[in-house]
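> Got a predicted structure here, sequence first:
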Amino acid sequence: MSGENFYDLGIADLPQWVLELPVPAAGGELDDPWMFGDGRHLPNPGPLRSSPLRDGPQRSFSVANAGRTPIADEQVARVFLTLAPDDVQAFLIEVEGAKTALYIINATRCFNCVDEENSLEVQRYPPEGVAPERVGTYRAIHGLRIDPSKTAGARVFRIQGYSSALIVSEEIKNALEEVGNLGVTFERVTGPR
């Protein structure tokens, strides 16, 4: 595993729908709509639904909610559940106008694994002018590099203090590319820049 590359999943710049925040199918709002980006095991939220905020082609894998909530069709969900069963949860979500069943993919693990020395530029939130829980967390990381030795063999995970990043192993990247019709990009975060 140590020689394997890892990739940060981003939103691809191509035509695709953009989904609203997930909400309970029964109505109301989730207590924490951002929870799917936290990198922790979640209790089953029950039936969820969403609708397109912006219309476009449905992709087999895309991200809702400013990139924090991965939305996958059945084939993509199967890739995650087969190759990383200990690292993810899949929650069914009904999306208005969807042609297929869709799932939120929740990464259940989170690591303090940024290789700051080899990342191009690392910006942290300063002690003043931000919400207290943000102080010291990452505001932006350009040319992100991680240290895979700090990821406990996980194949899918979030980064502590930088939850916008969703990291997948090369094996998962390759399997996702075989499914095709992806609305995401893969940026390598291991090895030389």
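Right, received. Where do you want to start? Here the structure is a predicted model, which is why all the values come from computation and not from measurement. Numbering: from 1, shown residues only.

> hey, which helix or strand in this structure has the poorest pLDDT?
Every helix and strand in the chain was compared by mean pLDDT, DSSP states H and E; the lowest is strand 61-64, with a mean of 84.

> Give me the contacts around that strand.
Residues outside strand 61-64 that contact it (Cβ atoms under 8 Å, 6 or more residues apart in numbering): 9, 11, 16-22, 50, 69-73, 76, 166, 176, 179, 182-184. Just so you know, the C-beta spots here come from the backbone N, C-alpha and C atoms, and that holds for glycine as well.

> Can I get that strand in PDB? Just the C-alpha atoms.
What follows is strand 61-64, C-alpha atoms only, in PDB (Å, rounded to 0.1, in the frame of the first residue of the first chain):
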ATOM      1  CA  PHE A  61     -20.500  10.400  -9.500                       C
ATOM      2  CA  SER A  62     -20.700  14.000  -8.600                       C
ATOM      3  CA  VAL A  63     -20.700  16.200  -5.500                       C
ATOM      4  CA  ALA A  64     -23.400  18.300  -3.900                       C
END
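
> need the next SSE after it, C-terminal direction.
strand 69-73 (DSSP states H and E).

> Does anything pack onto that following strand? Which helices or strands?
Counting contacts by 3 or more Cβ pairs under 8 Å, 6 or more residues apart in numbering; DSSP states H and E, strand 69-73 is packed against strand 61-64, strand 88-95, strand 102-107.

> Give the buried residues for stretch 164-183.
Using 16 or more other Cβ atoms under 10 Å as the burial criterion, the residues of stretch 164-183 that qualify are 164-170, 172-173, 175-176, 179, 182-183.

> what does the helix or strand harbouring Glu177 contact?
Glu177 belongs to helix 170-179 when assigned by DSSP H and E. Helix 170-179 has contacts (Cβ under 8 Å, 6+ apart) with 4-7, 60-61, 75-76, 79-80, 83-84, 155-156, 168, 182, 184, 186.
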